[in-house]
Each structure stands twice: as C-alpha cells, then as structure tokens.
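Novice: Below are the sequence and a predicted model; questions follow.
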Amino acid sequence: MAKIAFKGGVDRYAGVKSVLQLLADEIVDGLKKAKRILVKPNFVSVYNIYSATHVDSVKAFLDFLYEAVGSKKVVIGEGPAGGGLERDLRNYGYLKLVDEYDVEFVDLNEDERVFFKIYDRDLEQRIEVPVSKTALNSDCIVSICRLKTHNTVVVTLTIKNVVMGAVQSPYKSRVHQGYGAINLTLAFLAKYLMPKLSIIDGYEGMEGNGPVSGSPVKWGIYVAGTNPVEVDAFTAWLMGFNPSDVGYLYFLSKWGYGEIDPNKLLEKVIGDDPRSFRRKFKPHFTYEEQLRWKDEVEDKMG
C-alpha cells in the first residue's frame, strides 16, 4: 500500500526533506534504479512568486537524493506557458543549482514531441497537441509544486503540474475546451505522464483566484507520496475540498489509478496527524461553474 507522508509546522526546506525521509523505504530503490530523473517544478508566472515552485523545495529533494542514493544526473524540466524557461530559471534562483548539483535544464516546449488527441467541446478526442518526449520517456518524474486553487479544475497540484508542463506551447490553450473536456484531457494525458514521486510544498499556498491572481496563504504543511492521485486527492481534502469534485482526480480514480476517498486516504498517512492542519481555502470565484464538468460528462456519456 502506497503511503502518504505528511509534516506540518516547519519551514520549507525542513518540511520537504522530512516527508522524503519518512518515505525513504518506499522511494530510495526506485531512485537508485532510475536512468533518467526528471524534476518538474511549476512556473506559471514570472511575476508572482506564489505561483511558482520555490528553489529550496528542489534543493531539499536534491540533497535527499544525494544523501540517500549518491550523485545522480537530474534533468530539471518545465514548459512555461508565458515565455522562455531561462528567464524563469534566472528569476527564481534556479541557475545556481548547476554549481552544487549534477543537473541540466530542459525547456519542454522546445523538446522533441509526440502528438496526442485530446477532448474537444463535444467530449470527442479530435484535437491534437504536442507533448514533450523528455517527459514521456523519463522513467522517474518527480513533481514538486505549491498547492493552489484554480480557475477551471478547482485545484492544481502535482499531476496537473506535469501534464500542462509537458503539453508544448503555443498549444496549451487547446486543452481548455470546457470543464468536462479539460478534466478528461488531464486524466487521459496523466496516464502517460504520471509522476513516480509527488511532493507538495505547502509552506505557502494560494487561495481564491489562482493559479496566478490568488492570495497567498502561509500554512507550513508538506505532503509526499508515490501515488500522485492519492497525494493530490489528500491535499485537496486538506485544502477543504471534496476530492470527488476535482474532475481529473475523479476520472483517474474510476480508471483504477488511486483512491480519493478521504477516510481511506487518512489510513495511508504517516508522520504528523493532518486533521489539526486542515483548513478551508477560498475557492476561485468560478468554483460553482467549474463543477459543471459533472453535468457535461453525464449528458454526453450517461
């Protein structure tokens, strides 16, 4: 049974490091065997630090990796929606990592590509988008991101981080074909891009009109696990949401990729007791509209 590591009440670096240490027995062998580790941070906006993965979260993972496994070649890859990768790497302090670790950077937008057909507004798979070959071929994707509310899919966490980063610009907008379609597309592409290790940095989250224009929430919680559906569902619950209202998590659970029932997820938690840390995040102002994915899919698929 995949575990969910949880830690609360500490600073960012210590929090990320501690949840990885809790999972050591579950993740070290896989990290040792991995031929290609792709670390996927999240850079939604160069203008809002709360929308991006903090470099200290990545440093905590790299330090854990070096201590538990030894020096290992790591690719840090992202496909920003709003500009070149180098600008974001410089702005968020990532370029200095090359002086300390054996890392290279890959712009997933400029990568070789494979085309996938995704869902249109009629919930038919008729739209093509290019997906990064580096992301598809990595045998170990490590998704590291903040937790945020979202303007179309309730919350954005480790699965969406990888999927939307791997879909190449300028075609990312094609994913937005309505609430039902985007949730089906995220779930469909996640089958090919599932992280092997999901890490949530909740030192600060974002509520309200995320993923860019929301308000920061200082929280100090950290989550990690090897089943990204369960990590994301558990985190959504911590944020005060019903994981079943997050369409892409609902579909992935129905397809057998993980549990999203909060009561069953709590049985998997190791570390601190999460109940005292749970809080209610203010949703995006379109939250009620976002839940229309249920009606759209039911009307089409029955």
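Specialist: Nice, I can see it. Just so you know, these numbers come straight off a predicted model, no measurement behind them. Residues are numbered from 1 along each chain as shown.
Novice: Let's test this: what are the backbone torsions at the closest residue in space to V55 that isn't next to it in sequence?
Specialist: Counting by Cβ to Cβ, 6 or more residues apart in numbering, V55 lies nearest to G93, which is 4.6 Å off, once chain neighbours are set aside. Placement of C-beta: from N, CA and C, glycine included. For G93, the backbone dihedrals are phi 80, psi 20 (criterion: degrees, to the nearest 10).
Novice: and if you look at T152?
Specialist: When read as degrees, to the nearest 10, the backbone of T152 gives phi -140, psi -20.
Novice: Could you give the number of residues near the residue nearest to V55?
Specialist: Applying other Cβ atoms under 10 Å, we find 13 other residues in the vicinity of G93.
Novice: In the stretch 151-300 of the chain, what residue spans correspond to strands?
Specialist: 155-156, 197-207, 215-225, 269-271 (DSSP state E, counting those that start in this stretch).
Novice: now the stretch 1-150 of the chain
Specialist: Going by DSSP E, counting those that start in this stretch, the stretch 1-150 of the chain shows strands at 4-8, 37-40, 74-78, 103-107, 113-119, 125-132, 140-149.
Novice: which one of those strands lies closest to L85?
Specialist: strand 103-107 (4.0 Å; Cβ to Cβ).
Novice: which of the strands of the stretch 151-300 of the chain sits most buried?
Specialist: Highest mean neighbour count of the strands of the stretch 151-300 of the chain: strand 155-156, a mean of 26 (counted as mean count of other Cβ atoms under 10 Å).
Novice: partner strands of that strand, parallel or antiparallel?
Specialist: When pairing is defined by DSSP bridges, strand 155-156 lines up against strand 140-149 (antiparallel).
Novice: now the angle from the strand it pairs with to strand 74-78?
Specialist: Angle, strand 140-149 to strand 74-78, by axes from the mean of the first three to the mean of the last three Cα atoms, to 10 degrees: 40 degrees.
Novice: For the stretch 1-150 of the chain, which residues score under the pLDDT cut-off?
Specialist: Within the stretch 1-150 of the chain, the segments meeting pLDDT under 70 span 83.
Novice: Kindly recompute the last result at 50.
Specialist: Nowhere does the stretch 1-150 of the chain drop to pLDDT under 50.
Novice: contacting residues for G205?
Specialist: For G205, the contacting residues are R146, L147, K148, P216, V217, W219, M239, F281, by Cβ atoms under 8 Å, 6 or more residues apart in numbering.
Novice: ok, of those residues, which one's closest to T156?
Specialist: K148 (5.2 Å).
Novice: which residues pair with the closest one across the strands?
Specialist: So, taking DSSP bridges as the rule, K148 has T156, M206 as bridge partners.
Novice: Pull the number of nearby residues for it.
Specialist: Counted with other Cβ under 10 Å, the neighbours of K148 add up to 28.
Novice: Model confidence for the closest residue to I4 other than its chain neighbours, exactly?
Specialist: Closest residue to I4 apart from its sequence neighbours, by Cβ to Cβ, 6+ apart: G225 at 4.4 Å. On pLDDT, G225 comes in at 98.
Novice: who's in contact with G225?
Specialist: A2, K3, I4, A5, L23, L197, S198, V231, F234, K268.
Novice: Run a quick neighbour tally on the closest residue in space to E230 that isn't next to it in sequence.
Specialist: Of all residues not flanking E230 in the chain, G258 sits nearest, at 4.5 Å (Cβ to Cβ, 6+ apart). Number of residues near G258 (other Cβ under 10 Å) recorded here: 21.
Novice: I figured G258 hits V229, correct?
Specialist: Yes. The criterion here is Cβ atoms under 8 Å, and G258 meets it with V229 at 2.9 Å.
Novice: Could you tell me which residues touch both of these two?
Specialist: In contact with both G258 and V229: L252, using Cβ under 8 Å, 6+ apart.
Novice: returning to that earlier point: including distance to D299, could the strands of the stretch 151-300 of the chain go into CSV?
Specialist: CSV is the format used below for the strands of the stretch 151-300 of the chain (distance: least, Cβ to Cβ, whole Å):
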stretch, distance to D299
strand 155-156, 24
strand 197-207, 31
strand 215-225, 34
strand 269-271, 37
